[in-house]
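# Build me a model:
(4 chains)
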2 protein chains.
Amino acid sequence: MARQAARRSRSPRDVPLYEMVDSIVRKRLVENVYPPGAMLPSEMQLAKELGVSQGTVRRALDGLVAEGLVVRRQGLGTFVSEMEDRRSLFLFFNMVAHDGRQEMPAARLIEAVDGQATDIEARKLAITVGSPVRRLTRLRLFRERPTIVERLVVSEAVLPGLARHAPPPDHLFRYYETEYRVTVVEADESLRAASVTEEEADLLDMPVGAPLLEIDRVAYAMNRRPVEWRVSLCDTSGHDYRIDRG
Amino acid sequence: MARQAARRSRSPRDVPLYEMVDSIVRKRLVENVYPPGAMLPSEMQLAKELGVSQGTVRRALDGLVAEGLVVRRQGLGTFVSEMEDRRSLFLFFNMVAHDGRQEMPAARLIEAVDGQATDIEARKLAITVGSPVRRLTRLRLFRERPTIVERLVVSEAVLPGLARHAPPPDHLFRYYETEYRVTVVEADESLRAASVTEEEADLLDMPVGAPLLEIDRVAYAMNRRPVEWRVSLCDTSGHDYRIDRG
DNA sequence: TAGTGGTCTAGACCACATT
DNA sequence: ATGTGGTCTAGACCACTAT
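Reported below is the predicted structural model:
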């Protein structure tokens, strides 16, 4: 019966049912029909509503779980991920001390100014040149020791008035989610080597010319729209950038 | 029936059937019962042999597919991955030109010598201090331009006589697989910033003190044994190290 | 006890590739 | 025509969490 319904509603393209379920649920996540922290309908309820079997709903949810968009709690239900659920504090932060300790650095706001998107900012944020943006500079410290200079740019349209009246908290992604209902789910990073310039020398307490790790990162929301562009200049004399592949 | 058999053979630990299937197949992959390129028994055959349903075999294989250990080809069967299948040429190589092109660099062997494992080498390769090792130095070039100095250490016990009689091919992981039946499936990387020393200055045609990206990587075989320790010093003036997260 | 997710089965039909 | 993986169903039972 469900099979018949599915067949009737299928386009010649013939996309699997579980993908249809995936995109329906995904859409509701993006549109906050299911807001962060909320419980989704149970697998049986969703199956009934969408006219498919529980197994098919389950398969669709498996994908969303793998992406970290939702989490299952046995005996309780399936819930929309909040930032904490996604080990996201560390998902996007990979500096590990040489002794193996992984700790979150504090953030000190150095500067926050308005501006108009330059060519490269516009390209990174997928907005038009000249659009209003905000530019923040922050210094990050591990155990009081300045280690990273962080320059970030966001579009006023997406995150209006960011840090205009008060310094934002250390964990910006969580702040975006609770304050702006913008959930970062993905990021592309480019790493290069750079050298300390006069600008950063006193902030980081390093000599001009010393080597730095430069991390250029664009973060994306669930709908694949860019949320922020961030360039981090890291002193790696005490910390590594760690990646586990495979 | 299968259910009963499974129950009987279950320890109090009560591990799911699909995990048992996973480890059985994984074991056969490690032991080359199913060698690279070979076709696995069909899902139905495996199900019958192991006394579970096709769906359970399928679920186990899903995991191995996700890890890239095997690949499915519809209408043909399930096959043990060969290096090429795992997009592995790029899986472990992430230098992307600033214009976006991703190309494999050539490798030129500079030096290959015998030695005895130092403290740190022993720790990285999980062998005892003083064990015989081989140390290779290679220069990697993008379009004839020297870009990376690569120093790598392998245990003689794992990869005997590597590069003793002839320079190995550019893609070492593939070579390990075909020549030594050692398949690299995982790697841990640590990235830092460094500066060009006199040793690398002429190899890379860069001034002493210029910034370099240093990639410290241990590669592991299917059985989680370390295969090689490699430190790459990269000139990032023309290429970035790219990561896509999320 | 009731409701949730977690596992597993048996069987159906489809899409695909080879013979 | 045959055999493979790919999708989907319906229903069973288990483990967990709450009340």
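
# Kindly provide the distance from the residue nearest to A:I215 when sequence neighbours are not counted to A:L213.
Distances taken as Cβ to Cβ, 6 or more residues apart in numbering or on different chains put A:S232 closest to A:I215, at 4.4 Å, once the chain neighbours are dropped. In short, each C-beta sits where N, CA and C put it, glycine included. Between A:S232 and A:L213 the distance is 8 Å, computed by Cβ to Cβ, to the nearest Å.

# The two: which is more packed in?
Just comparing A:S232 and A:L213: by other Cβ atoms under 10 Å in any protein chain shown the higher neighbour count belongs to A:L213, 27 against 23.

# Please name the residues that touch that one.
Neighbour list for A:L213: A:191-194, A:233-234, A:236, A:241, B:191-193, B:213 [criterion: Cβ atoms under 8 Å, 6 or more residues apart in numbering or on different chains].

# Next to DNA strand C, which bits of chain A? Give me the list.
Contact residues, chain A versus DNA strand C (Cβ under 7 Å from any atom of the strand): A:14, A:40, A:42-45, A:55, A:58, A:72-78.

# Taking those residues, tell me the two that lie furthest apart.
A:D14 and A:G75 (36.8 Å; Cβ to Cβ).

# Would you agree the residue nearest to A:I215 is in contact with A:R217?
Yes - at 7.3 Å, A:S232 counts as touching A:R217 under the criterion of Cβ atoms under 8 Å.

# mind checking how far the most centrally placed residue in chain A is from DNA strand C?
Using Cα atoms, centre = their mean, the residue of chain A that lies closest to the mean C-alpha position is A:V184, 2.8 Å off. For A:V184, the distance to DNA strand C equals 25 Å [Cβ to the nearest atom of the strand, to the nearest Å].

# Please report how far that residue lies from A:A221.
Distance, A:V184 to A:A221, using Cβ to Cβ: 6 Å.

# quick one: common contacting residues for those two?
A:V227.

# now, which of the residues of chain A next to DNA strand C sits nearest chain B?
Closest approach between these and chain B, by Cβ to the nearest Cβ: A:G55, at 9.1 Å.

# Check for me that that closest one belongs to a helix.
Yes - the assignment for A:G55 (DSSP: H, G, I helix; E, B strand; the rest coil) places it in a helix.

# Local confidence estimate at A:M222?
On the pLDDT scale, A:M222 is placed at 84.

# just the helices in chain A please.
Remark: helices assigned in chain A by DSSP state H are A:2-9, A:17-30, A:43-50, A:54-67, A:88-91, A:119-125, A:172-180, A:198-204.

# In the second one, which residues are buried?
So that's helix A:17-30. Within helix A:17-30, the residues that count as buried by 16 or more other Cβ atoms under 10 Å in any protein chain shown are A:17-18, A:20-22, A:25-26, A:29-30.

# That one close to chain B?
No - judged by Cβ under 8 Å from any Cβ of the partner chain, helix A:17-30 makes no contact with chain B; its nearest approach is 13.0 Å.

# Could I have the CA atoms of that helix written out in PDB?
Extracted C-alpha coordinates of helix A:17-30, given in PDB (Å, rounded to 0.1, in the frame of the first residue of the first chain):
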ATOM      1  CA  LEU A  17      12.100   6.400  -0.500                       C
ATOM      2  CA  TYR A  18      14.600   6.800   2.300                       C
ATOM      3  CA  GLU A  19      16.200   9.700   0.400                       C
ATOM      4  CA  MET A  20      12.800  11.400   0.200                       C
ATOM      5  CA  VAL A  21      12.300  10.900   3.900                       C
ATOM      6  CA  ASP A  22      15.800  12.200   4.500                       C
ATOM      7  CA  SER A  23      15.100  15.500   2.600                       C
ATOM      8  CA  ILE A  24      11.700  16.000   4.300                       C
ATOM      9  CA  VAL A  25      13.200  15.700   7.700                       C
ATOM     10  CA  ARG A  26      16.200  17.700   6.700                       C
ATOM     11  CA  LYS A  27      14.000  20.500   5.500                       C
ATOM     12  CA  ARG A  28      12.100  20.600   8.800                       C
ATOM     13  CA  LEU A  29      15.400  20.800  10.600                       C
ATOM     14  CA  VAL A  30      16.500  23.800   8.500                       C
END
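
# which residues of chain A score low on pLDDT?
For chain A, applying pLDDT under 70 flags the ranges A:1-14, A:83-92, A:246.

# so where do the strands sit in it?
For chain A, the strands defined by DSSP state E occupy A:70-73, A:77-80, A:95-97, A:106-116, A:132-142, A:145-155, A:184-195, A:211-221, A:226-234, A:239-245.

# Name the residues that touch the third one?
With Cβ under 8 Å, 6+ apart as the test, strand A:95-97 has contacts from A:102-103, A:105, A:142, A:147-148, A:234, A:238-242, B:190.
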